[in-house]
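1. sequence-free structure coming up:
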């Protein structure tokens, strides 16, 4: 069985993330989506638990997509889950520059046991980022073009709770 890890903060998961997950789901027997906390980010819209719950709801009907909580180094999570590769999504040239550096570090710290595979987001999703979605949402604009209906509804519900 070929298994691959797709780590990320997914706050929120966008149609761009989903595009990468779906592409990987066709290429590999199992895609393990690791929802992680990025120590460089100061705040999150959704908690880790909420992000995991949302992804599980979106992918509940697909047997080859598994959602887990990830903590620590992505390469360690990959090795713990018998993944020989980590999936990364590319949108632009600036993503590429960052990913080249990251893949070499991951290869080094895994003693060449984990490779990085970059998948390009389809054209319709190349400009979408979680930060952009949150910014548009906080401006009171429609985000349904950028996120799954589950995410859209959950963001509206959470905003109503926070506004009370």
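-> Cool, the structure landed. Computed from a predicted structure; not experimentally measured.

2. Which strands and helices lie in contact with the worst-scoring helix or strand of the chain on mean pLDDT?
-> Lowest by mean pLDDT, DSSP states H and E among the helices and strands of the chain is helix 93-109, with a mean of 88. Packed against helix 93-109 by the contact rule (3 or more C-beta pairs under 8 Å, 6 or more residues apart in numbering; DSSP states H and E) you find helix 74-80, strand 85-90, strand 115-120. Yep, even glycine has a C-beta here, placed from its N, CA and C like the rest.

3. Pull out the buried positions in stretch 47-63.
-> 48, 50-55, 58-59 (16 or more other C-beta atoms under 10 Å).

4. related to what we said a few turns ago, any chance of the helices and strands packed on helix 93-109 in a markdown table, with distance to residue 66 too?
-> Below are the helices and strands packed on helix 93-109 laid out as a markdown table (distance: least, C-beta to C-beta, whole Å):
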| stretch | distance to residue 66 |
| --- | --- |
| helix 74-80 | 12 |
| strand 85-90 | 13 |
| strand 115-120 | 17 |
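
5. most packed of those?
-> With neighbours defined by mean count of other C-beta atoms under 10 Å, none of the helices and strands packed on helix 93-109 is more surrounded on average than strand 85-90, at a mean of 21.
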